[in-house]
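Q: Sequence and predicted structure below; questions after.
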Amino acid sequence: MISVNEAFSILNQITFFLKEKEVFLLESRNHILAENLYSPINMPPFRQSNMDGFALCLHDALEYEIIGEVKAGDENQPELQPGQAVKIFTGAAVPDSAQAVIQIEKVAVIGNQLQLEEQIAAQTNVRPLGSQIKQDDEVLTKGTFLNAAAIGFLAGLGFTKVKVYQKPTLAIVVTGNELVQPGQPLPNGKVYESNAVMLQTALYSTHYNEVKRYEVNDDFEGTKTILEKALDENDVVMVSGGISVGDYDFVSKALESLQVETLFYKVNQKPGKPLLVGKKDRKLIFALPGNPAASLTCFYVYVLPTLQRLSGMTVFYESKNTSLLAHDYNVNNSRDQFLKAVVTEEEVTILPYQDSSMLNSFAIANALVYLPNGNYQKLKGDKVVFYPV
């Protein structure tokens, strides 16, 4: 059995071979950019009005003659003489002969005559050409997460395709004779299967939407066949259950027979001790504990950061997030603990119902508080490390 930090160290040493692909802009959402991008245009590509109002060719008086209007999208460039103005709308191109835009609330209009309340400085309410970004300037760097704003920014610069890091293909293998699908009658001795849909939901919520699912009973040959198929078809395989040392836990034996290299098995933590991480060629396998809370804890602490690294992100297994404890808490455990908790802007509260089989407190948690093993007390206001979930 290894420590949590030793498990982190082993995972950090894995070398990943990232795959790239060129995709249309909308398809790049929630991916990591695989190239540096440079602007093909100035943004804005012309001097742009920041207001609805009037574009002015400045002179010393407060009266101006209105000679026309410019709407957003108009290509015409009226030539203004000093003392002349055109009505203009937000986003429209400011004529080269105008030096400022005055907002409509600060003028009086009588016929084609415009009366200002006071003089206005040059460049007021005018967005200069290239004020957001200039042509050939760097837009986004390799490694950027492409969220809605990033994609909107790229679309506004005329991009239609970008190179991104390809996400790993994923599988969930569910083991257990005792499992029944929700919606079916529940015979005595059976339980409803929940780990697969739980892990799928966790993957979907973290932007991993392509997930295959396999099921197998507690049988050595069947387990071996399904695991071989899952490893052949996917980059990362998550196994739910069957990894302990019971007579009907066949996952470890099946992986050994498939020549999967065990990177580590069993971590000195609670919950989630019977975690196995293995590797075969460029494929990774996470054999997760069968207890639901233990399985989900291992997903957030070990699996998700690995998937993010495989997707081109720079992440760290050891959390840097800290908060102040909202109450006293006694630690008396020979294993490191990941405790379900709720974090607010001010503090973190450790929840009740911490058993590895219980999801009721996990359902309202947004963090896992990490407490090293030992016999000690954490006091209200003490700083503690947490993992967001």
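A: Perfect, I can see it now. Numbering: from 1, shown residues only.
Q: so what are the domain limits for this structure?
A: 4-17+167-310, 21-42+132-165, 48-127, 322-388 (automatic domain parsing).
Q: any chance of those domains in a markdown table, plus mean neighbour count and mean pLDDT?
A: For every residue, glycine as well, the C-beta is placed using N, CA and C. Formatted as a markdown table, those follow (neighbours: other CB atoms under 10 Å; pLDDT from 0 to 100):
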| stretch | mean neighbour count | mean pLDDT |
| --- | --- | --- |
| domain 4-17+167-310 | 18 | 90 |
| domain 21-42+132-165 | 16 | 97 |
| domain 48-127 | 17 | 96 |
| domain 322-388 | 16 | 96 |
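Q: Which one of those lies nearest to Phe316?
A: domain 4-17+167-310 (7.3 Å; CB to CB).
Q: can you give me the strands for the stretch 1-150 of the chain?
A: Secondary structure of the stretch 1-150 of the chain (DSSP state E, counting those that start in this stretch): strands located at 20-24, 37-38, 48-49, 53-56, 63-70, 84-88, 100-103, 107-110, 113-116, 126-127, 138-140.
Q: Name every strand pairing with the first one and say which way it goes.
A: Same thing as strand 20-24. strand 161-165 (antiparallel) (DSSP bridges).
Q: Now tabulate the domains of the chain in CSV and tack on distance to Phe316.
A: CSV is the format used below for the domains of the chain (distance: least, CB to CB, whole Å):
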stretch, distance to Phe316
domain 4-17+167-310, 7
domain 21-42+132-165, 14
domain 48-127, 39
domain 322-388, 11
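Q: check contacts around Gln308.
A: Residues counted as contacts of Gln308 (CB atoms under 8 Å, 6 or more residues apart in numbering) are Val315.
Q: Please write out the alpha-carbon positions of stretch 344-364 in CSV.
A: This file holds the C-alpha atoms of stretch 344-364, laid out as CSV (Å, rounded to 0.1, in the frame of the first residue of the first chain):
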residue,chain,number,x,y,z
THR,A,344,-18.4,28.9,0.5
GLU,A,345,-16.5,32.1,-0.1
GLU,A,346,-15.8,32.3,3.6
GLU,A,347,-15.4,28.8,5.0
VAL,A,348,-15.7,25.1,4.6
THR,A,349,-18.0,22.7,6.5
ILE,A,350,-17.4,19.0,6.7
LEU,A,351,-20.6,17.1,6.3
PRO,A,352,-22.0,14.1,8.2
TYR,A,353,-22.4,10.6,6.6
GLN,A,354,-18.8,10.0,5.5
ASP,A,355,-19.1,6.3,5.0
SER,A,356,-17.7,5.0,1.6
SER,A,357,-21.1,3.5,0.7
MET,A,358,-23.1,6.7,1.3
LEU,A,359,-23.9,9.3,-1.4
ASN,A,360,-26.5,11.3,0.5
SER,A,361,-23.9,13.8,1.7
PHE,A,362,-21.9,13.7,-1.6
ALA,A,363,-25.1,14.8,-3.3
ILE,A,364,-24.9,18.2,-1.7
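Q: ok, and what's touching that stretch?
A: Taking CB under 8 Å, 6+ apart as the rule, stretch 344-364 contacts 194, 198, 270-272, 289, 291-294, 296-297, 323-327, 329, 337, 339-342, 365, 367, 369, 384, 386, 389.
Q: again with stretch 316-324
A: Taking CB under 8 Å, 6+ apart as the rule, stretch 316-324 contacts 5, 7-8, 11-12, 301-302, 305, 343, 346-348, 367, 370, 381-388.
Q: Can you get me the start-to-end distance on it?
A: End-to-end distance for stretch 316-324: 22 Å, by CA to CA, to the nearest Å.
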